[in-house]
Structure formats: structure tokens, C-alpha cells
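Asker: following is a predicted model, sequence given first.
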Amino acid sequence: MTKTASEILNNPFLNKGTAFTKEERQALGLTGTLPSKVQTIDEQATQAYAQFKSKPSRLEQRIFLMNLFNENRTLFFHLMDEHVVEFMPIVYDPVVADSIEQYNELFLDPQNAAFVSVDAPEDIEATLKNAADGRDIRLVVVTDAEGILGMGDWGVNGVDIAIGKLMVYTAAAGIDPSQVLPVSIDAGTNNQKLLDDPLYLGNRHKRVSGEQYYDVIDKFVAAEQQLFPDSLLHFEDFGRDNAQVILDKYKDQIATFNDDIQGTGMVVLAGILGALNISKESIKDQKILSFGAGTAGMGIANQILDELMQAGLTEAEAKQHFYAVDKQGLLFDDTEGLTPAQKAFTRKRSEFSNADELTNLEAVVKAVHPTVMIGTSTQPGTFTESIIKEMAAHTDRPIIFPLSNPTKLAEAKAEDLIKWTDGRALVATGIPADDVEYKGVTYQIGQGNNALMYPGLGFGLIASTAKVLNSETLSAACHALGGIVDTSKPGAAVLPPVAKITEFSQTLAEVVAQSVIDQKLNKEPIADAKQAVADMKWVPEYRAISK
Ligand SMILES: NC(=O)c1ccc[n+]([C@@H]2O[C@H](COP(=O)([O-])OP(=O)(O)OC[C@H]3O[C@@H](n4cnc5c(N)ncnc54)[C@H](O)[C@@H]3O)[C@@H](O)[C@H]2O)c1
Ligand SMILES: O=C(O)C[C@H](O)C(=O)O
Ligand SMILES: [Mn+2]
């Protein structure tokens, strides 16, 4: 198919800008459409990085980077490869949260996403086809944006999280950016601020639910599978009532996962294993308190449960290690309003002399003396000094992960946790945290964010042509990050640093692909897991394009 000059220059998957050589300009009909100097990708990257640095705020930096991404994917990822630690918080959490809140005001470009509307189910197939535009899609990240990070319902604005997650996939694992598709399912919104905003770009009505909603999800999944049969389907930031239901419906049928449930479960278990490597304790001796027993909280509990059972405990014994705390306080079997996921992790009132008083975190910590405390509550500052000191009084190396995102919702700051526990806490936070200097030791803080896991997990599943993702593969992936951090160093982090994300994502992908092949869950014959991963890796360098 012959493309015109503007079709090439305006296609971010083909565009090279000033890096088109003289010969390419001639062959592609670009002669005279660019300044005469032919730049290398490194020259382009140097110039772009200087512009990035000149921006006065992180949001301005993001806007600049997104414009670059919209114009030239290869150059964007080339630059991100060089500055991954600096760019991650800009293109992803936490700055992505600001861009979601201001999506309507900032809108310039649909960023090659597919916008599925609940009001036009008959258009779903055409929507996916048009957005894919003939590309060979291998990875779809879909959100309905009912639970964007911890910020609630953001309607169509939430598409930015699907785009951000995919950017991390390419930067970390090397998925070809022309093989991905971000999808927004616009089911309406219950966010009154958006409904009242004249600039709002989504469907201006309340969220649809029940049968109408699930019909759209069914139609979407069917069309997605039919159009892109070799793809992995990643669900992101669905609401608490739908996330688990959708996962349970499709997990045994297709290659899919829910990042908030499973990706988060993986990174937390990997972080706990990292912490136990430092403290030299056993997982069987831990008492685990989940604060915020929602999508992420229960995903985490289930992943740890699986680990305890693999360590030889029965399910009933393993469940005795958990304390789930939500709005109601400690969750008992007779607590009102339990979700199906919570029901599996309740306690009995008869286990406590003061059960009726266990309606807040402080009372539960006093009664239980947890050794591990995970925050996925969306409630900022709730890991207070007195709660942390109470916890730390009963355990030598408290494992404390305040994971609620973005920054303004975190249950605690890493620096405070280190200080309040006199350097004993083993900490991971949802967003990146600076090193903490305390009494002559530099404490490195792991980023307990599913971004450490889902790129390698997804890449391994795609490379191995996995039919489904099962608990065996998830468990193998949780153990894959061990050994990267030098745990003998004082102040060592519980998880490997984002600076090494491309390295460990590859290890993860190889472990995942091997697990798929060992279980004969691959659709296509694969001779060698490592080779399959290496063969699929895309590198951000210009390639020859044909007209
Ligand atoms: N770091 C990560 O990788 C990661 C991954 C997923 C989610 N998260 C974060 O975790 C948080 C929760 O996400 P989710 O998807 O589980 O949302 P969710 O809505 O499914 O769950 C939140 C839970 O917190 C509970 N809650 C609200 N107020 C509470 C209170 N005062 N005390 C105790 N519990 C309370 C809610 O009832 C709900 O069950 C978000 O901030 C999100 O950004 C982080
Ligand atoms: O998006 C993130 O930063 C992690 C996680 O998926 C979340 O919902 O908070
Ligand atoms: Mn999420």
C-alpha cells in the first residue's frame, strides 16, 4: 500500500522525523518535507531530553513526553530507555493521576486508544478494528475506570492509565509498541464533577450496571479475542464489585489477568519474600494484616495464602495467619456487607475477648500484633506513629507496605516508618520513594507497585503463547525476583530497584514462559523459553520501512 508523506510523518509507529535518511526521503516521497540535516536517534534524543528538562513542572514534562510519544514511538522509547527511573513517575504513577484528573482540559490526541461505548455495543468490533488499524495486536490493557488507583471513578479520563501501563510494558519488557492497544470501556460515570463539567469527553450519564454492563464486557471480550486471537488481555482499575467477577469469568478460558488483584498480589508476595530474606524469618511465622480489604487487598491475601499452602500448611491453618480490616474494622464472619473475596478471610468473634471493640486499625493492631501490615485502603496517613510503634513493639523487623496510590493517598511515608521504628521496618511504597538517611544508614525503599511484575509476567505469557495464566505460573513469577538485591547490605531494599527493571523483567518473562511450557499451556510449539522471550523483544531503534 502506498503511503503519502503525511501518512508516514503522522504515523507514530513509522515516523522517524529528522532521522529519515536522504535515501529514505527519496524512496518514501518525503523529499523536502523535513529540514535538510539528517539526525541520528541519539542526536534527536539529546535534543528532546533538553526540552524535557526545560519544563517547569512534572505535569508539563509529562505533556512534552506524551507529545513525543504521539509523534514518534521509537524516539520516545529510546529516550525512556536512557532515563527509565526519571520517566517512570512522569508517564506512569503518580503524575498519570494528575493527567487523568485533567484529561478533558488537556485533551489533544486519542493516543491510538480504542474507546468502547456502553451506548453503542453494536460498534464494539468496529471500534477495536479501527483503533488497531491493521496492526498485529498482542497485548490489550482495558479499563472501565471505576476504580482509578485509589481516586475512584474517572470515566473516560481513565484511558490514560491503560496507556501508561502499556508504556511501562514496552520500557520494562520490550513489547513492540505497535502491537499494543489501550482500551477505555466508557460505561458512564458516577463522578458528579465530571457529569457537571461541560468539557467532559465521555458518556454523560451514570454508570450502567448489572446485565447491561456485563453484556458489554462479554461482547468486548468476544470481539477482542476474535480480532486479536494471539493477544493477552490485561484488566486494570475496574471497580471492587466487578473486578473479581470478571476475572473469575474469563480466567480459565483465555490468556488474561487482573493487574490490581494478581499483579499486586505478586509484587507484595515478592516484597515479603525479599523482606524475609533480610530478616531471616519464615513466612510461616508471620501474622498478616490487610488494611483495605478490596480488590488489591484480597488479591494480596490470596497470593500469600497460596504461598503458605505451598509451604505445607492446610488452607484452614494458612487462613489463621490473616486479619482483614476494612471500613467496618476487623472483618468477622457475621460482619455486614462482606464481599465474596472478604468472606474467605474472616475471623470469629469468639477468638477475641474484645471483638466488639475491633472497629478501627489501632484496636486491631493492639489485639493482633501483626508482623506484616499492608495498606490498600485509599486512606492517607492511617498508619500513624502510635499504630506503627505499637506494631514495632511486638516484632523485631515489622514489614510495612503502605501501597495506596497516588502520593496523596499513601497510608504513610517511608521516611516516617523508618524513623518511628528506629530503622527496623522493612518498607515498600506504592509510588517511588527517595532513600532515607537515618542514623548513618542509607535505607533504600522498594517500589511495591505491580509495575515491577506485570511487564515480565505479560511478556512471558505472550512470548510463550499461553492459553491461560494459572496459580502455578503466578507463584513461579513471585519467586523470580529473589537474589537481585544484596540483602547483606544494611538498609537493603525488599524489592529490586526500578533502575534494573529491564533486567529483571526479562528474568521474570523467562520464568513465566518456562512455567507455561512446563505445564504444556502453550498454544504454539516452543522449543526454548529464553529464546522465545529474546525473539519477541523489541528494541527502540529505527528500522527500514516500506512504502
Ligand atoms: N502499589 C500497587 O501496586 C497497587 C496496586 C493496586 C492498588 N493499589 C492501591 O490500593 C488502593 C486500593 O485499590 P483497590 O483497587 O483495592 O480499591 P478497592 O476500592 O477495591 O479497595 C479499597 C478498599 O479499601 C476500603 N476502605 C475504604 N475506606 C477505608 C477505611 N477508612 N478503613 C479501611 N478500609 C477502607 C474499601 O472499603 C475497599 O474495600 C488504591 O489506592 C490503589 O492505588 C496499589
Ligand atoms: O497504577 C498503579 O500505580 C498501581 C496500581 O495498579 C494501582 O491501581 O494503584
Ligand atoms: Mn491499578
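Answerer: Ah, there it is. Ligands and ions are numbered 1, 2, ... in the order given.

Asker: near ligand 1, which residues of this structure?
Answerer: Residues of the chain lying near ligand 1 by CB under 6 Å from any ligand atom: 147, 149-150, 240, 260, 264, 267, 291-297, 325-327, 376-379, 403-405, 409, 430, 448-450. No exception for glycine: its C-beta is placed from N, CA and C like everyone else's.

Asker: make a PyMOL selection of the buried ones in those.
Answerer: To isolate the buried members of these in PyMOL, using 16 or more other CB atoms under 10 Å:
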select buried, resi 147+149+150+240+260+264+267+291+292+293+294+295+296+297+325+326+376+377+378+379+403+404+405+409+430+448+449+450
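
Asker: report the entries of the residues of the chain next to ligand 1 that also contact ligand 2.
Answerer: Filtering those for proximity to ligand 2 by CB under 6 Å from any ligand atom leaves 149, 260, 405, 449, 450.

Asker: look up how far ligand 3 lies from the second one.
Answerer: In this case it means residue 260. Distance of residue 260 to ligand 3, computed by CB to the ion, to the nearest Å: 4 Å.

Asker: that residue falls within a helix, correct?
Answerer: Yes: assigned with DSSP: H, G, I helix; E, B strand; the rest coil, residue 260 falls within a helix.

Asker: contacts only, for it.
Answerer: Residues in contact with residue 260 (CB atoms under 8 Å, 6 or more residues apart in numbering) are 147, 235, 236, 237, 238, 243, 295, 296, 299, 450.

Asker: correct me, but the fifth one touches residue 144?
Answerer: Yes: counting by CB atoms under 8 Å, residue 238 does reach residue 144; the two are 5.5 Å apart.

Asker: what strands flank the longest strand along the chain, and is each parallel or antiparallel?
Answerer: For the chain, the strand with the greatest residue count under DSSP state E is strand 180-186. Under the criterion DSSP bridges, strand 180-186 sits next to strand 114-117 (parallel), strand 139-143 (parallel) in its sheet.

Asker: could you dump the longest one to PDB, C-alpha only?
Answerer: By that I understand strand 139-143. What follows is strand 139-143, C-alpha atoms only, in PDB (Å, rounded to 0.1, in the frame of the first residue of the first chain):
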ATOM      1  CA  LEU A 139      -1.500  -7.000  24.200                       C
ATOM      2  CA  VAL A 140      -4.600  -5.200  25.300                       C
ATOM      3  CA  VAL A 141      -4.900  -3.200  28.500                       C
ATOM      4  CA  VAL A 142      -8.500  -2.400  29.200                       C
ATOM      5  CA  THR A 143     -10.000  -0.200  32.000                       C
END
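
Asker: right, is it up against ligand 3?
Answerer: No: judged by CB under 5 Å from the ion, strand 139-143 stays clear of ligand 3, getting no closer than 8.2 Å.

Asker: so for that strand, what gets flagged as buried?
Answerer: Across strand 139-143, burial judged by 16+ other CB under 10 Å covers 139, 140, 141, 142, 143.

Asker: of those, closest to ligand 3?
Answerer: Nearest to ligand 3 out of the buried residues of strand 139-143 is residue 143 (CB to the ion; 8.2 Å).

Asker: who does the closest one bridge with?
Answerer: Note on residue 143: beta-bridge partners residue 184, residue 236, judged by DSSP bridges.

Asker: from residue 155, how far out is it?
Answerer: Between residue 143 and residue 155 the computed distance is 10 Å (CB to CB, to the nearest Å).

Asker: and residue 415, by the same measure?
Answerer: Using CB to CB, residue 415 is found at 35 Å from residue 155.

Asker: show me which of those two is the more surrounded one.
Answerer: With neighbours defined as other CB atoms under 10 Å, residue 415 and residue 155 compare such that residue 155 has more, 30 against 17.

Asker: which one of the strands paired with strand 180-186 lies nearest to residue 463?
Answerer: Residue 463 lies closest to strand 139-143 among the strands paired with strand 180-186, at 11.1 Å (CB to CB).

Asker: show me the shaky parts of the chain.
Answerer: The chain contains residues with pLDDT under 70 at 1, 547.

Asker: where does the residue in the chain that ligand 2 sits nearest to land in three-state SS?
Answerer: Of all residues in the chain, residue 93 sits closest to ligand 2, at 3.2 Å by CB to the nearest ligand atom. Following three-state DSSP, residue 93 is assigned to coil.

Asker: with adjacent residues omitted, what lies nearest to it?
Answerer: Leaving aside its chain neighbours, residue 93 sits nearest to residue 405 (5.3 Å; criterion: CB to CB, 6 or more residues apart in numbering).

Asker: how about the residues of the chain near ligand 2?
Answerer: Residues of the chain lying close to ligand 2 (CB under 6 Å from any ligand atom) are 93, 149, 237, 259, 260, 405, 449, 450.

Asker: change it to 8 Å
Answerer: By the rule CB under 8 Å from any ligand atom, the part of the chain lying against ligand 2 is 92-94, 96, 147-150, 161, 164-165, 236-237, 259-260, 263-264, 296, 403-406, 430-431, 449-451.

Asker: residue 14 and residue 64: what is the separation?
Answerer: Residue 14 is 21 Å from residue 64, by CB to CB.

Asker: kindly report the same for residue 29.
Answerer: 29 Å.

Asker: and what of residue 58?
Answerer: 11 Å.

Asker: ok, those two, which is more surrounded?
Answerer: Neighbour totals were compared for residue 58 and residue 64, and residue 64 leads with 17 against 13 (other CB under 10 Å).

Asker: in this structure the more buried one contacts residue 53, no?
Answerer: No: with contact defined as CB under 8 Å, residue 64 does not reach residue 53; the gap is 9.7 Å.

Asker: can I get the one helix or strand residue 67 maps to in CSV, CA atoms only?
Answerer: Secondary structure from DSSP states H and E places residue 67 in helix 58-71. Output of helix 58-71 as CSV, limited to C-alpha atoms (Å, rounded to 0.1, in the frame of the first residue of the first chain):
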residue,chain,number,x,y,z
ARG,A,58,6.2,17.4,36.3
LEU,A,59,2.9,17.8,34.5
GLU,A,60,4.5,20.0,31.8
GLN,A,61,7.2,17.3,31.5
ARG,A,62,4.5,14.7,31.0
ILE,A,63,2.7,16.7,28.3
PHE,A,64,6.0,17.1,26.5
LEU,A,65,6.7,13.4,26.7
MET,A,66,3.2,12.4,25.6
ASN,A,67,3.5,14.7,22.6
LEU,A,68,6.8,13.0,21.7
PHE,A,69,5.1,9.6,22.2
ASN,A,70,2.2,10.7,19.9
GLU,A,71,4.6,11.7,17.2
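
Asker: in that helix, what's buried?
Answerer: 61, 62, 63, 64, 65, 66, 68, 69, 70, 71.

Asker: next: stretch 301-311.
Answerer: By neighbour count on 16+ other CB under 10 Å, the buried set for stretch 301-311 is 301, 302, 303, 304, 305, 306, 307, 308, 309.

Asker: could those residues be laid out in a markdown table, adding secondary structure?
Answerer: As requested, the buried residues of stretch 301-311 are exported to a markdown table (three-state DSSP):
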| residue | secondary structure |
| --- | --- |
| 301 | helix |
| 302 | helix |
| 303 | helix |
| 304 | helix |
| 305 | helix |
| 306 | helix |
| 307 | helix |
| 308 | helix |
| 309 | helix |
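
Asker: re the thing from before, ok now do the residue nearest to residue 93, which residues does it touch?
Answerer: By CB under 8 Å, 6+ apart, residue 405 lies in contact with 93, 94, 97, 149, 150, 430, 431, 449.

Asker: find the nearest non-adjacent residue to residue 22, please.
Answerer: Ranked by CB to CB, 6+ apart and with sequence neighbours excluded, the top spatial neighbour of residue 22 is residue 38, at 6.4 Å.
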